[in-house]
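S.K.: would you be able to build a 3D model of this:
(chains A and B)
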2 protein chains.
Amino acid sequence: MKEEDINFIPAKDVFYNPAMRLCRSISSIAVGAIDEKIDIIDAFCASGIRGIRYAKENKNVGKISFVDLSKNAISSAKKNAKSNKLKAEFCHNNISKAAFELQTDFLEIDPFGTPAPYLVDAFRYFNIKKSAYLSVTATDVAVLCGGKTQACMKNYHSKPLNNEFTHETGLRIMLKKIAETAAEFNMGIEPLISFSDKHYLKSILSVKRSADLAFDSLKKLGYVSYCPKCGYRSSSIFPQNCIHCKTQTEFAGPLWLGDLHNKNFLVKMQKLNSKRNYSDKNEISKMLSLMVGEINLPPYYYNIHALCKIQALNPVPQMDVLLKNLIDSGFPAVRTHFSSVSIKTSAPYETILGTIESSKI
Amino acid sequence: MKEEDINFIPAKDVFYNPAMRLCRSISSIAVGAIDEKIDIIDAFCASGIRGIRYAKENKNVGKISFVDLSKNAISSAKKNAKSNKLKAEFCHNNISKAAFELQTDFLEIDPFGTPAPYLVDAFRYFNIKKSAYLSVTATDVAVLCGGKTQACMKNYHSKPLNNEFTHETGLRIMLKKIAETAAEFNMGIEPLISFSDKHYLKSILSVKRSADLAFDSLKKLGYVSYCPKCGYRSSSIFPQNCIHCKTQTEFAGPLWLGDLHNKNFLVKMQKLNSKRNYSDKNEISKMLSLMVGEINLPPYYYNIHALCKIQALNPVPQMDVLLKNLIDSGFPAVRTHFSSVSIKTSAPYETILGTIESSKI
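M.R.: Residues are numbered from 1 along each chain as shown, chains lettered A, B, ... in the order given. Reported below is the predicted structural model:
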């Protein structure tokens, strides 16, 4: 098989998901956008395709190591590394136990389902580091976003909310858990890029050891409140009531209220993407542009169709007209990578509703 | 040296704290009060005195194992077990790594400082168990109770409150962290006995595997609010304002709002204590009686001196008179093991203040 320029053989009983190509491409660009030489560990490596791409596609990758509990996976990763002329280290072990033997600058964890049980282990890979990078994929989207409240509470200790902006909520719940775990290791987090795509949520973060930074990260945790009656939403340290129609809100959290991305990092990624000829080049370019726009805006978005329905506003205005009118009113307003029919804006709720009214065709 | 009936030699560089005799005696009675045959692991065993006492003083202890990262500790525990004719297993390992090799019914963790970083490891010792017992000691009292907000947030993800009932708050923050970790392993918690003494906080808990029980435990988490102006306090799912003087409250949490002890278990312990001739027999008896009284009462107590001071009520009434008058008014009211000048009661705040007035000498 081939993924971008890498030929590899997916082995029997070793998981390979072609649908994750875009995810691996974005992640590989992120690796390349890191301004330093880094050693990488691809834990849960399976066929090794992700780590092999990281190492072959980027000049700044030093030592690359593959960890997996499955013998077949390690054997498959070894073969694929060899056929790609990649010198690598291999560790057939439980990723939790291996954490006591290995240290790294960049850890990739993409387990089956929730990453929650592996986060403490993950930070142990950074024990002797002052700073490092953590790349986390969560495929338990039904738990983080789908309103499986009980499972989300158990794994993440946060209440999810199954509404129109649940994918952002789910991603932010995952980031909360990472921030809390990092803090136990005296580390602060800064998400460099975070996104929701298909059936997974992903974030690549910079983590830095400092009691103050750890505390700063925890200060960015809070709740998002949502009024099921009128569609009003807000974020705050604890849930708030609806100030629009005074109804009792629903809430999600605690979750990460800070930014999902670092702007300079995204700009570097855009430049790198334009130089590479990935199959998903155009889609990646579009996603990165949308993510740049999301920075500094509130931790939720507005699905225009859902909003018009709940407020009985008809017809639904065109997105571009609505965005232009919001911007003309003096408020930032952008499309979001989370949903093609949604916008992010810092305009007050009344202003958004008024602008919808005045943006009708 | 001798502790109760156990002769042992504290080795050089191996920690032994004579002041923890009472803690070990209470814990050994708790082990005896468990109605089943249990295997025990004494992790962080040091000289082994705690585990040796558990095994020698109780008939229901099956296999006993000692774990420590220090060679000297393991060697010392071996010698002490041998001189006490105790057959035991020894594991010279990091307790986190040993969790992948060992399983147990009862795990004792009494690390240096905070137990927070070891809780995930602790639950791994129960991986193949449907139910088990966890005994946790925290000696980071300054963090849990002393208002070191930043360190408490980092280690426990909860805000502490350095006021007159901070020892209960600290203990409940520790229990919250245990409940959250247990939930990740699909386990619910039930504290059997929990206490604050000298410079440590301790709880011995029953843990049972069940998604519903795990969720039930999480539903018992919340906040305690305290009004620094008038002394009013309350507990709830999120912090509340003062309903007495309407001032902005201070808050602690999230923390465990459930019971600290199981009544039947304490009664069994009382019976066992009366049969044993521990040096601290009378003190233990008194503590157990106080703990029985604490069950079902709010998750905070009232220091009568502090209360009279903040409310300018003089003179301070006698504790016994105040308690009798509260009970005569129809409210449960008891002394607490947390503080000799404090009471626990479910009486409304206005009633407490009124009863103080009417209880003056």
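S.K.: assess the claim that A:Pro317 and A:Leu353 are in contact.
M.R.: No - using CB atoms under 8 Å, A:Pro317 makes no contact with A:Leu353, being 11.3 Å away. All C-beta spots, glycine's among them, are computed from the backbone N, C-alpha and C.
S.K.: ok and the residue in the stretch 251-361 of chain A nearest chain B?
M.R.: A:Pro254 (8.6 Å; CB to the nearest CB).
S.K.: read off the pLDDT value for that residue.
M.R.: For A:Pro254, the model assigns a pLDDT of 98.
S.K.: confirm it sits in a strand?
M.R.: Yes - checked against DSSP: H, G, I helix; E, B strand; the rest coil, A:Pro254 lies within a strand.
S.K.: residues in chain A within reach of chain B, list them.
M.R.: Contacts of chain A with chain B, taken as CB under 8 Å from any CB of the partner chain, map to A:94, A:96-97, A:100, A:116-117, A:120, A:150-151, A:153-155, A:157, A:180, A:183-184, A:186, A:211, A:214-215, A:218, A:238-239.
S.K.: show me the shaky parts of chain A.
M.R.: Within chain A, the ranges that satisfy pLDDT under 70 run A:361.
S.K.: ok, A:Met351 - contacts?
M.R.: Check again: residue A:351 is Thr, not Met. For A:Thr351, the contacting residues are A:326, A:329, A:331, by CB atoms under 8 Å, 6 or more residues apart in numbering or on different chains.
S.K.: can you rerun that using 7 Å?
M.R.: A:329, A:331 (CB atoms under 7 Å, 6 or more residues apart in numbering or on different chains).
S.K.: could you dump the helix or strand where it lies to PDB, C-alpha only?
M.R.: Element membership of A:Thr351, judged by DSSP states H and E, is helix A:349-358. Taking Å, rounded to 0.1, in the frame of the first residue of the first chain, the C-alpha atoms of helix A:349-358 are listed here in PDB:
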ATOM      1  CA  TYR A 349     -26.500  37.300  21.300                       C
ATOM      2  CA  GLU A 350     -29.000  40.200  20.700                       C
ATOM      3  CA  THR A 351     -26.700  41.600  18.000                       C
ATOM      4  CA  ILE A 352     -26.500  38.200  16.300                       C
ATOM      5  CA  LEU A 353     -30.200  37.800  16.300                       C
ATOM      6  CA  GLY A 354     -30.700  41.400  15.000                       C
ATOM      7  CA  THR A 355     -28.100  40.900  12.300                       C
ATOM      8  CA  ILE A 356     -29.800  37.700  11.200                       C
ATOM      9  CA  GLU A 357     -33.000  39.700  10.800                       C
ATOM     10  CA  SER A 358     -31.300  42.400   8.800                       C
END
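S.K.: show me which residues of that helix are buried.
M.R.: A:349, A:351-353, A:355-356 (16 or more other CB atoms under 10 Å in any protein chain shown).
S.K.: quick check on A:Asn155: phi, psi?
M.R.: phi -80, psi -30 (degrees, to the nearest 10).
S.K.: any idea how many residues pack against it?
M.R.: 24 (other CB atoms under 10 Å in any protein chain shown).
S.K.: and A:Asn186, by the same measure?
M.R.: By other CB under 10 Å, neighbour count at A:Asn186 equals 18.
S.K.: can I assume it is in contact with A:Asp212?
M.R.: No - if you go by CB atoms under 7 Å, A:Asn186 and A:Asp212 don't touch, sitting 9.7 Å apart.
S.K.: how much space separates A:Asn296 from A:Gly258?
M.R.: A:Asn296 is 10 Å from A:Gly258, where distance means CB to CB, to the nearest Å.
S.K.: who has more neighbours, those two?
M.R.: A:Gly258 (18 against 10).
S.K.: burial count for A:Ala142?
M.R.: 16.
S.K.: in contact with it, which residues?
M.R.: Taking CB under 7 Å, 6+ apart as the test, what A:Ala142 contacts is A:Lys148.
S.K.: you'd agree it is in a helix?
M.R.: Yes - counting by three-state DSSP, A:Ala142 is found in a helix.
S.K.: from B:Gly330, how far out is it?
M.R.: In this view, A:Ala142 and B:Gly330 are 50 Å apart by CB to CB.
S.K.: still on that earlier bit, helices - which of the residues of chain A next to chain B land there?
M.R.: If you go by DSSP state H, those have A:96-97, A:120, A:150-151, A:153-155, A:180, A:183-184, A:211, A:214-215, A:218 in helices.
S.K.: out of the residues you listed, grab the one that's most surrounded.
M.R.: Busiest of those [other CB under 10 Å] is A:Ala183, holding 27 neighbours.
S.K.: is it true that that residue touches A:Asp216?
M.R.: No - under the criterion of CB under 7 Å, A:Ala183 makes no contact with A:Asp216, lying 9.7 Å away.
S.K.: can you classify A:Leu201 by secondary structure?
M.R.: Going by three-state DSSP: A:Leu201 is strand.
S.K.: just give me the closest of the ones in helices among the residues of chain A next to chain B to B:Lys281.
M.R.: Comparing these against B:Lys281 with CB to CB picks out A:Glu184 as the nearest, at 39.1 Å.
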